[in-house]
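Q: just coords:
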């Protein structure tokens with residue numbers, strides 16, 4: 001299984017970014033997908049997850065209403081649309097795949113993509 005995340009970059013506060021994560025080596029629709037982030041000097045934290053068919057999502061409170069997770073099973077890709085970005089959103093963002101619950105112990109992780117939000 002390989003997960004490749006991309007789409008990070010430098011953006012001003014209030015701006016938007018869309019992260020993508022392309023998956024290969026798995027039956028994509030059989031896997032829940034999620035995103036974590038890790039800020040400098042802090043532990044990795046859960047942001048959002050989505051069910052295999054996309055009909056169920058879960059968000060951490062800090063990103064509700066600003067971030068949207070979605071997936072396109074036809075192209076084996078999960079997305080994280082991030083709006084109204086804040087400097088505290090600065091982190092390395094990781095995509096995650098698991099056939100069960102998305103957690104810090106999930107089996108498959110992407111390499112991470114850096115998001116930097118300037119004030």
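A: That came through, no problem. What you see is a predicted model, and the numbers here were worked out from it, not measured in a lab. Residues are numbered from 1 along each chain as shown.

Q: ok, the residue at minimal distance from the centre of the chain - contacts?
A: Centroid-nearest residue in the chain, with Cα atoms, centre = their mean: residue 35, separated by 2.8 Å. Each residue near residue 35 by Cβ atoms under 8 Å, 6 or more residues apart in numbering is listed here: 19, 21, 46-49, 69, 78, 80, 93-96. Any C-beta I mention is one placed from the backbone N, CA and C, and that applies to glycine too.

Q: swap the cut-off to 10 Å and go again
A: 5, 19, 21, 45-50, 59-60, 63, 67, 69, 78-80, 82, 93-96, 102, 110 (Cβ atoms under 10 Å, 6 or more residues apart in numbering).

Q: shaky segments in the chain?
A: By pLDDT under 70, the chain has no low-scoring segment.

Q: Compute the number of surrounding residues for residue 15.
A: The tally of other residues near residue 15 (other Cβ atoms under 10 Å) stands at 14.

Q: residue contacts, it?
A: Contacts of residue 15 (Cβ under 10 Å, 6+ apart): 9, 82, 83, 84, 85, 117, 118.

Q: my read: residue 102 touches residue 46, true?
A: Yes - look at residue 102 against residue 46 with Cβ atoms under 10 Å: they come within range, at 7.0 Å.

Q: any common contacting residues for the two?
A: Both residue 102 and residue 46 are in contact with 34, 35, 36, 58, 96, where contact means Cβ under 10 Å, 6+ apart.

Q: which of those are buried?
A: Buried by 16 or more other Cβ atoms under 10 Å: 34, 35, 36, 96, out of the shared contacts of residue 102 and residue 46.

Q: quick one: the third one from residue 27, how far?
A: Applying Cβ to Cβ, to the nearest Å, the value for residue 36 to residue 27 is 22 Å.

Q: Also residue 16?
A: In terms of Cβ to Cβ, residue 16 sits 31 Å off from residue 27.

Q: about what we covered before: okay, and which of the contacts of residue 35 map to helices?
A: For these, not one is inside helices, with DSSP state H as the criterion.
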